[in-house]
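Student: Quick one, what's the 3D model for this:
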Amino acid sequence: MRCWAGTVCLVACGAAAMVRGAGGVEVTCVDDRACGYGTFQSHNQKIVSNAGGIFMTYLREDNEKDPAKPNVWRLMRSSDGGKTFSVVYEGRNNCRAPCVETDRRGNLYLAHPEYGSSARRRSEFHFYRFSVAKQYRAPGIGVFPDVGCAAKYAMAHDAKRKRFYIATQYGQLLTVGENGKLLAKRSILKSSGPEAGTQYPLLQVDWAGRLHHAWTTVKKGAPIYWDIHYMLSPDGGTWWNLKRKQLSPPIVPDKTGPTLRISLDDEFESNTWLSNFMAKEGKVHFIYHAHTKPSRQHYMRYDIATGRRDMHLQSTFKGKTIQLSGTSGFFASQSTTTRSPLYCVIQEHGRIACLASHDNGTTWRDHAKSKKQFGIYALGGAREVTSDGYIIGSFTQGGKVNFFRIAAGMVPPAPGL
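Tutor: Numbering: from 1, shown residues only. Next comes the predicted model:
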């Protein structure tokens, strides 16, 4: 069944109902006729929840080999906790799936570049505002010119200042008001350093209003993810590294520059890719996979006050029986609740797997693992645990896009259990 922009219809999959009893992981098929790039990596957020339901984006058609056809992406909505989904909006643009944010009033915001086709290149960014008052129909769309970006981009909502930050693949940072107006456009990173150029950006605004920015670089002249870096902004305008040194944009993005390097000295030439990060209660948590021999799964934690790395689990990242390993994954928590658990979802041999920490990353426990194995590509999820207590995410399996949820269990276990 074909659903066009502005219409709402139910999506039918081979097994559309939520599969329960899957080792604490519930999975719903959202679309079994999507493309292989459906959820395209975990560096940006493509699923959120608010009072209006669960909203997720994905790429349905990848037409980039045909200059006459744009790609097709969809915004989906579930009003029953992820059991079924309906199409809210269908877009036709040369981009991957838009990143998505929500505000406290339940409005929805999407962003993606429009980079055109091989026959006609474009350099602009599109920003959508879906109003809860209009029942998420007829979005307001802003188009920002002269913004160079390809398939990698990220967005974060600054609720304190009522604005959004959008990071592009080539080092630009857009600041957009909740009304959809472009407030600022700056080059905060150089598109290339002496050794490597910017590639996958990641963003988050923490409860204190600090903007955190991390990225993976790609080596000059070679298809190798080179190193991983991080910096922060206390006000959305000035930038600092964790050694309390103020930085002067545009900043060199690779290891020759002044920002904190997360990846290790012996991991160059090995493809290191930052899956996700989260700032929480004075710490910054990172997960990344290094394709060394043997490969390494890293979990790192840095203390913002001291600038020091105070936790590092490498080669293996595990609880008692669950061991996480994979290129894509994400952190989730409940930012409005003090000392809320921190969750990390990646995979274990094709099974969706989750560890939980009740002490902000010092120790990790088994939390959930699906009984079923999947051919998982681009597993990502929402930063925020839903108001009814679920970790939510999505992934692609061949041409099938799936939603999943995991009961968070927000009450910490008793000591010794």
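
Student: okay, CA-based contacts and neighbour counts for the rest of this
Tutor: Noted.

Student: Tell me which helix or strand Ile391 sits in.
Tutor: Per DSSP states H and E: Ile391 is located in strand 390-397.

Student: for the record, mean pLDDT for stretch 63-79?
Tutor: Averaging pLDDT along stretch 63-79 yields 93.

Student: what's in contact with it?
Tutor: 52-62, 84-98, 117-120 (CA atoms under 8 Å, 6 or more residues apart in numbering).

Student: Across the sheet, point out what pairs with Leu211.
Tutor: Leu211 forms beta bridges with Val205, Ser233, as assigned by DSSP bridges.

Student: residues of stretch 316-333 that come out buried?
Tutor: Judged by neighbour count using 16 or more other CA atoms under 10 Å, the buried positions of stretch 316-333 are 317-319, 322-333.

Student: just to revisit the earlier point, what strands line up against the strand holding Ile391, and which way round?
Tutor: Strand 390-397 has these strand partners (DSSP bridges): strand 377-381 (antiparallel), strand 400-407 (antiparallel).

Student: So for Asn179, which of those sits nearest?
Tutor: Closest of these to Asn179 is strand 377-381, at 25.5 Å (criterion: CA to CA).

Student: Off-centre distance for that closest one?
Tutor: Put simply, strand 377-381 sits 8 Å off its chain's centre (CA atoms, centre = their mean, to the nearest Å).

Student: and it, average pLDDT?
Tutor: 98.

Student: Next: stretch 227-244.
Tutor: The model assigns stretch 227-244 a mean pLDDT of 95.

Student: Pull out the buried positions in that stretch.
Tutor: Here stretch 227-244 shows Asp227, Ile228, His229, Tyr230, Met231, Leu232, Ser233, Gly236, Trp239, Trp240, Asn241, Leu242 as buried, counting by 16+ other CA under 10 Å.

Student: for the residues you listed, which one is nearest His212?
Tutor: Leu232 (4.4 Å).

Student: Roughly how far does the closest one sit from Asn241?
Tutor: Using CA to CA, to the nearest Å, Leu232 is found at 6 Å from Asn241.

Student: again with Gly82
Tutor: Gly82 is 40 Å from Asn241, by CA to CA.

Student: What of Lys400?
Tutor: For Lys400, the distance to Asn241 - CA to CA - is 41 Å.

Student: Please apply the same query to His289.
Tutor: From His289 to Asn241 the distance is 23 Å (CA to CA).

Student: got it, and Tyr288?
Tutor: Taken as CA to CA, the span from Tyr288 to Asn241 is 20 Å.

Student: Please apply the same query to Lys219.
Tutor: Distance from Lys219 to Asn241, by CA to CA: 22 Å.

Student: Next: Leu274.
Tutor: Counting by CA to CA, the gap from Leu274 to Asn241 is 18 Å.

Student: mind listing the strands in the stretch 301-417 of the chain by residue range?
Tutor: For the stretch 301-417 of the chain, the strands defined by DSSP state E, counting those that start in this stretch cover 309-313, 317-318, 323-324, 330-332, 342-348, 351-357, 365-369, 377-381, 390-397, 400-407.

Student: for the first one, the distance to its chain's centre please.
Tutor: A distance of 22 Å separates the centroid of the chain from that of strand 309-313, by CA atoms, centre = their mean.

Student: partners of it, with directions?
Tutor: Paired strands of strand 309-313, with direction, are strand 296-303 (antiparallel) (DSSP bridges).

Student: what angle separates the partner strand from strand 342-348?
Tutor: 170 degrees (axes from the mean of the first three to the mean of the last three CA atoms, to 10 degrees).

Student: Buried residues, strand 296-303. List them.
Tutor: Taking 16+ other CA under 10 Å as the criterion, strand 296-303 shows Arg296, Gln297, His298, Tyr299, Met300, Arg301, Tyr302, Asp303 as buried.

Student: Stretch 275-286 too?
Tutor: Ser275, Asn276, Phe277, Met278, Ala279, Lys280, Glu281, Lys283, Val284, His285, Phe286.

Student: again with stretch 269-276
Tutor: By 16+ other CA under 10 Å, the buried positions in stretch 269-276 come out as Glu269, Ser270, Asn271, Thr272, Trp273, Leu274, Ser275, Asn276.

Student: how near is the closest residue to Lys283 other than its chain neighbours to Glu64?
Tutor: Closest residue in space to Lys283, ignoring its immediate chain neighbours: Asp303 at 4.7 Å, by CA to CA, 6 or more residues apart in numbering. The gap separating Asp303 from Glu64 is 42 Å, by CA to CA.

Student: same check, this time on Tyr58
Tutor: 16 Å.

Student: So the two - more neighbours on which side?
Tutor: Tyr58 (29 against 15; other CA atoms under 10 Å).

Student: before we move on, back to that, pick out the most distant pair among the buried residues of stretch 275-286.
Tutor: The widest separation within those (CA to CA) is 20.4 Å, between Ser275 and Glu281.

Student: that older thread, determine which two of the buried residues of stretch 227-244 are furthest apart.
Tutor: Across these (CA to CA), the longest gap, 24.2 Å, separates Asp227 and Gly236.

Student: tell me how far stretch 42-50 is from the chain's mean position?
Tutor: 6 Å.

Student: where in the chain is pLDDT low?
Tutor: 1-23, 410-417 (pLDDT under 70).

Student: so the spatially most central residue of it, which of the three states?
Tutor: Most central in the chain under CA atoms, centre = their mean is Asn44, positioned 2.5 Å from the mean C-alpha point. Three-state call for Asn44 (DSSP: H, G, I helix; E, B strand; the rest coil): coil.

Student: Surely it touches Cys99?
Tutor: Yes. In this structure, Asn44 is within contact of Cys99 by CA atoms under 8 Å, at 6.0 Å.

Student: Overlap of the contact sets of these two?
Tutor: Joint contacts of Asn44 and Cys99 (CA under 8 Å, 6+ apart) are Tyr153, Ala154, Met155.
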